[in-house]
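Undergrad: structure of the sequence below:
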Amino acid sequence: MRVRLFLMLSIAAAAAHAQPKIQSGGVVNAASYFSIGGQGFNPIAPGSYFVIFGSGLGPSTLAVGSLPFGTALPGATGTSVTFSSLNGPSYKAYLYYAGATQVSGILPSNVPPQQYNVTVTYNGVTSKPEPVFVTPANPGLFTRNQAGFGTVKAQAFRSATDYFEPTLSAPAAPGQVIALYGTGLGAANAPDNAAPGAVQVKGPVTVYVNGEAVTPAYAGRSPQYPGLDQINFTLPTDLAPGCYTDLVVGVAGFSSNVVSIPTAAAGATCTHPLGLNAAALAKLDAGGTVNVGLLALFSGIQAGGSGSPQDAAVAAIFTMNADNVVQMLRQGGNPNQSPIRLPAGSCGLWDANGPNRSPDLDFTTWGTDLSAASAITLTNPTGKAVSLTSGAAAGLGGGFIALLPQGTLVPGAWTLAASSATIGTVGATVTAPPVVSWTGPPQDGASVPRTATTFSWTGGGGLVNVVGQAQTSSNGSKEFTCAFPATDGKGTVPASVLGQLPLPAPGDSNFAGVLAMLADTYGTFGTPGKLDGSMTIFASGGAHAVVWK
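TA: From the prediction side, this is the model:
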């Protein structure tokens with residue numbers, strides 16, 4: 001079986017500079033493109049593919065190596081990459097390709113984990129160094145959009161000889177064997193510049209499917225390609241299927257980028273949270289766009305992430321591609337953060353980039369805004385009109401918004417009416433339930449155990465999400481979400497999730513803990529007019545600063 005390894009072969013031509021320049025934070029895992037805020041010191045694993053972004057790094061016409069890879073590309077390109085330790089030896093990387101703005105290669109497996117300075121030399125001129133950390137592992141998974149987020153690049157097997165690539169319009173089924181492809185599982189006793197054969201990494205490697213831990217049958221090098229990792233595992237038979245089933249790979253305490261795999265019962269279409277039908281899903285798979293309407297009501301948000309809590313009503317209409325939809329369905333528009341909704345009874349655990357106690361209403365990455373050409377009105381349960389203003393003027397990047405005093409979003413039916421030549425006439429209703437309230441909530445500064453813990457609440461509708469974060473500067477940061485039916489009134493977060501929250505190392509004073517509860521009711525208002533899909537949201541909740549113990 002031949003698997004095409006994609007490592008950004010489409011390189012924009014650029015004039016060569018006298019000195020190659022690596023952009024800050026520009027040395028990244030070639031599958032996930034994970035960067036620590038553009039500040040350098042990004043993690044790179046031995047035996048893995050990396051990409052370096054910058055200028056003047058190589059020829060204007062892309063030069064691509066062939067197996068076995070060498071430490072310099074053939075011909076007159078003169079490009080080489082060196083990892084220099086601060087007080088020790090230097091190591092040359094095996095090069096895959098080089099162009100003016102990108103260079104890719106494989107870090108040899110014998111490079112010891114520690115801090116290094118990376119330099120690129122082209123035509124005899126060497127760049128200024130860029131710091132990175134070589135870590136034992138730094139898993140990254142390739143995705144269909146070649147950007148490190150969204151639907152994973154994988155194969156689903158009906159039998160040993162019958163397999164296909166899971167997509168929104170061709171989902172995988174619970175119980176099927178899946179082969180994932182990525183890089184960064186760590187060093188292996190195999191060639192790093194030639195076909196390695198089937199060689200497993202030391203591990204242990206775990207695949208998390210909607211937070212459920214699965215031990216893969218194989219995790220190691222893809223036999224035909226150096227640096228390319230292959231992970232074979234079976235989707236749980238009790239999986240709650242959906243178009244965005246979460247996948248995360250963990251190894252040696254390091255987590256991959258958050259990706260998704262579409263899943264559904266064999267022969268069925270995956271259930272999309274926007275109500276998209278099979279034709280719309282196929283359109284997204286082919287790179288097309290869909291028209292989507294949104295009506296969201298938030299109780300107790302903090303506008304701009306600070307200040308006193310407010311209520312907010314948001315209405316918008318967008319033309320969106322597949323990437324836009326993923327960005328919409330992730331908290332804060334960040335595709336590497338937790339999903340906006342997990343199935344009831346499931347948990348997820350992800351790397352955390354910082355506390356996020358309230359929804360981020362920035363629409364700038366949500367597609368092309370059609371709202372400006374629309375007439376949109378919102379009416380509260382008593383029939384009174386609520387004034388909506390331009391979201392662009394409020395810094396949302398689009399749509400319409402009303403910021404209201406906390407407590408304005410009373411329970412009952414809130415209705416939206418919109419019309420334009422683009423989308424026709426649209427009507428939507430969100431039935432707001434009572435806001436969720438903790439039962440005996442933890443106070444700010446309270447200690448919360450990392451063992452199985454039950455949380456209780458009153459009110460809410462749809463699902464109640466218990467969300468926690470632990471941030472350290474020494475042992476990484478994690479965020480979890482566990483979803484429960486609001487009608488249960490309580491839910492237990494298992495020790496298998498809470499126990500993975502990191503604790504600070506001795507002397508680490510940079511530690512923060514957050515425990516939040518968010519009740520959300522999601523729905524759609526069909527596809528009236530020319531809409532392909534829609535989403536209604538009512539969300540309420542609160543958060544506390546806590547100490548995990």
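
Undergrad: which parts of the stretch 251-400 of the chain are strands?
TA: 254-255, 259-261, 290-301, 310-320, 347-351, 368-369, 375-379, 385-386, 389-390, 400-405 (DSSP state E, counting those that start in this stretch).

Undergrad: quick check: neighbours of the fifth one in the sheet, parallel or antiparallel?
TA: Paired neighbours of strand 347-351 in the sheet (DSSP bridges): strand 477-485 (antiparallel).

Undergrad: mind listing what's buried in the partner strand?
TA: Residues 477-484 are the ones in strand 477-485 that count as buried (16 or more other CB atoms under 10 Å). C-betas here are computed from N, CA, C, even on glycine.

Undergrad: least confident of the strands of the stretch 251-400 of the chain, on average?
TA: Lowest mean pLDDT of those: strand 347-351, a mean of 74.

Undergrad: where do the helices sit along the protein?
TA: Counting by DSSP state H, one finds helices in the chain at the ranges 278-285, 322-328, 495-498.

Undergrad: circling back: any chance of JSON lines for the strands of the stretch 251-400 of the chain, columns distance to Val205 and mean neighbour count?
TA: Listed next are these as JSON lines, based on distance: least, CB to CB, whole Å; neighbours: other CB atoms under 10 Å:
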{"stretch": "strand 254-255", "distance to Val205": "10", "mean neighbour count": "20"}
{"stretch": "strand 259-261", "distance to Val205": "15", "mean neighbour count": "26"}
{"stretch": "strand 290-301", "distance to Val205": "36", "mean neighbour count": "24"}
{"stretch": "strand 310-320", "distance to Val205": "34", "mean neighbour count": "23"}
{"stretch": "strand 347-351", "distance to Val205": "15", "mean neighbour count": "23"}
{"stretch": "strand 368-369", "distance to Val205": "40", "mean neighbour count": "16"}
{"stretch": "strand 375-379", "distance to Val205": "49", "mean neighbour count": "16"}
{"stretch": "strand 385-386", "distance to Val205": "51", "mean neighbour count": "12"}
{"stretch": "strand 389-390", "distance to Val205": "49", "mean neighbour count": "12"}
{"stretch": "strand 400-405", "distance to Val205": "44", "mean neighbour count": "18"}
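
Undergrad: export the ones you listed to TSV and tack on distance to Leu515?
TA: Putting those into TSV (distance: least, CB to CB, whole Å) gives the following:
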stretch	distance to Leu515
strand 254-255	21
strand 259-261	26
strand 290-301	16
strand 310-320	22
strand 347-351	14
strand 368-369	35
strand 375-379	32
strand 385-386	32
strand 389-390	34
strand 400-405	26
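
Undergrad: and of the ones you listed, who's closest to Lys92?
TA: strand 254-255 (24.6 Å; CB to CB).

Undergrad: direction included, what does that closest one pair against?
TA: In the sheet, strand 254-255 lines up with strand 245-251 (antiparallel) (DSSP bridges).

Undergrad: need the residues that contact stretch 173-181.
TA: Stretch 173-181 has contacts (CB atoms under 8 Å, 6 or more residues apart in numbering) with 3, 5, 141-142, 152-158, 163, 166, 172, 207, 217, 222, 228-239, 241, 247, 249, 261, 263-266.

Undergrad: whichever of the residues you listed end up buried, select them in ChimeraX.
TA: Selection of buried members from these for ChimeraX, criterion 16+ other CB under 10 Å:
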select :3,5,141,142,152,153,154,155,156,157,163,166,172,207,222,228,229,230,231,232,233,234,235,236,239,241,247,249,261,263,264
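
Undergrad: strands - which of the contacts of stretch 173-181 land there?
TA: 141, 154-157, 163, 207, 229-234, 247, 249, 261 (DSSP state E).

Undergrad: ok, so of the residues you listed, who is nearest Gly186?
TA: Of the ones in strands among the contacts of stretch 173-181, the one sitting nearest to Gly186 (CB to CB) turns out to be Asp229, at 8.9 Å.

Undergrad: once you drop chain neighbours, what's closest to that closest one?
TA: Take Asp229 and drop its neighbours on the chain: the residue closest to it by CB to CB, 6 or more residues apart in numbering is Leu185, 4.5 Å away.

Undergrad: kindly report the same for Ala486.
TA: In this structure, Ala486 finds its nearest non-sequential neighbour in Gly460, 3.8 Å apart by CB to CB, 6+ apart.

Undergrad: for Asp532, list the residues it contacts.
TA: 274, 276-277, 280, 283, 290-292.

Undergrad: repeat that for 6 Å
TA: Residues near Asp532 by CB atoms under 6 Å, 6 or more residues apart in numbering: 276, 280, 290-291.

Undergrad: for those residues, give me JSON lines that also has distance to Phe298.
TA: Below are those laid out as JSON lines (distance: CB to CB, whole Å):
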{"residue": "Leu276", "distance to Phe298": "24"}
{"residue": "Ala280", "distance to Phe298": "27"}
{"residue": "Val290", "distance to Phe298": "24"}
{"residue": "Asn291", "distance to Phe298": "23"}
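
Undergrad: relative to Pro59, which of those is nearest.
TA: Nearest to Pro59 among these: Val290, at 40.3 Å, using CB to CB.
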